[in-house]
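>>> I need the structure of the sequence given here:
(one chain, ligands or ions: 2)
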Amino acid sequence: MPKRENYISWDEYFMGIALLSSMRSKDPSTQVGACIVSDDNKIMSVGYNGFPRGCSDDEYPWERSADCSNDTKYPFVCHAELNAILNSGGHNLSGSRIYVALFPCNECAKAIIQSGIKEVVYMSDKYAETESTIASKKMFLSAGVKLTKFTPTHKNLKISFDESDV
Ligand SMILES: O=c1ccn([C@H]2C[C@H](O)[C@@H](COP(=O)(O)O)O2)c(=O)[nH]1
Ligand SMILES: [Zn+2]
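Ligands and ions are numbered 1, 2, ... in the order given. Now for the predicted structure:
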């Protein structure tokens, strides 16, 4: 019997894991997932955006705007990329790549560069016009981090939990 032909690429596999991770996010507006992969295609860590441990999802605010910035999510939420870096358990991330649903902000860009990650594969760049993203791109360029827009060959992937589908 010939091998299956319609299998997913490495990029689709790792971006798929980043997107699956993002589905754990409680952020009602933007769910971000990240997956860090070694140069020999081993998954080193994953993360998604959420409040730090001990900071309840039900007590901290999910608002995008308020009179006081501490009544919004922004000072408190830990970004997907930073969570993925912190979740890697201190492993050497030099030469790895990170798959992200959303182009990293300037704070995540600094953490990505300092941890030795060499490539960012991103899907959405919806905040491309913001100062944060412009600063990220400037730093990535200076630091020699490769930026790759994710180009899938499959438009959608289906995951079924129906055991009769196995
Ligand atoms: O690099 C990034 C940038 C943003 N995030 C998270 C932080 C927030 O939870 C959302 C953005 O919310 P908006 O309502 O779209 O402003 O995305 C991240 O994880 N990584
Ligand atoms: Zn960020």
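>>> Can you tell me the closest non-neighbouring residue to residue 25?
The shortest distance from residue 25 to any non-neighbouring residue, by CB to CB, 6 or more residues apart in numbering, is to residue 31 (3.9 Å). For glycine as for every other residue, the C-beta is placed from the backbone atoms N, C-alpha and C.
>>> what sits against residue 38?
Counting by CB atoms under 8 Å, 6 or more residues apart in numbering, residue 38 makes contact with 44, 95, 96.
>>> Check the spacing between the residue nearest the centre of the chain and ligand 1 real quick.
In the chain, the centroid-proximal residue (CA atoms, centre = their mean) is residue 34; its distance is 2.4 Å. Taking CB to the nearest ligand atom, to the nearest Å as the measure, residue 34 falls 7 Å from ligand 1.
>>> mind listing the helices for this structure?
Using DSSP state H, the helices of the chain run over 10-22, 80-86, 106-114, 131-143.
>>> between those helices, which gets nearest to ligand 2?
Ligand 2 lies closest, by CB to the ion, to one member of those: helix 106-114, at 3.2 Å.
>>> If you count neighbours, what's buried in the closest one?
106, 108, 109, 110, 111, 112, 113 (16 or more other CB atoms under 10 Å).
>>> among the residues you listed, which are in reach of ligand 1?
residue 108 (CB under 6 Å from any ligand atom).
>>> sorry, back to before: ranking the helices of the chain by burial, who's on top?
Most buried of these, by mean neighbour count (mean count of other CB atoms under 10 Å): helix 80-86, with a mean of 24.
>>> That one vs ligand 1: in contact?
Yes. Using CB under 6 Å from any ligand atom, helix 80-86 comes into contact with ligand 1 via 80, 81.
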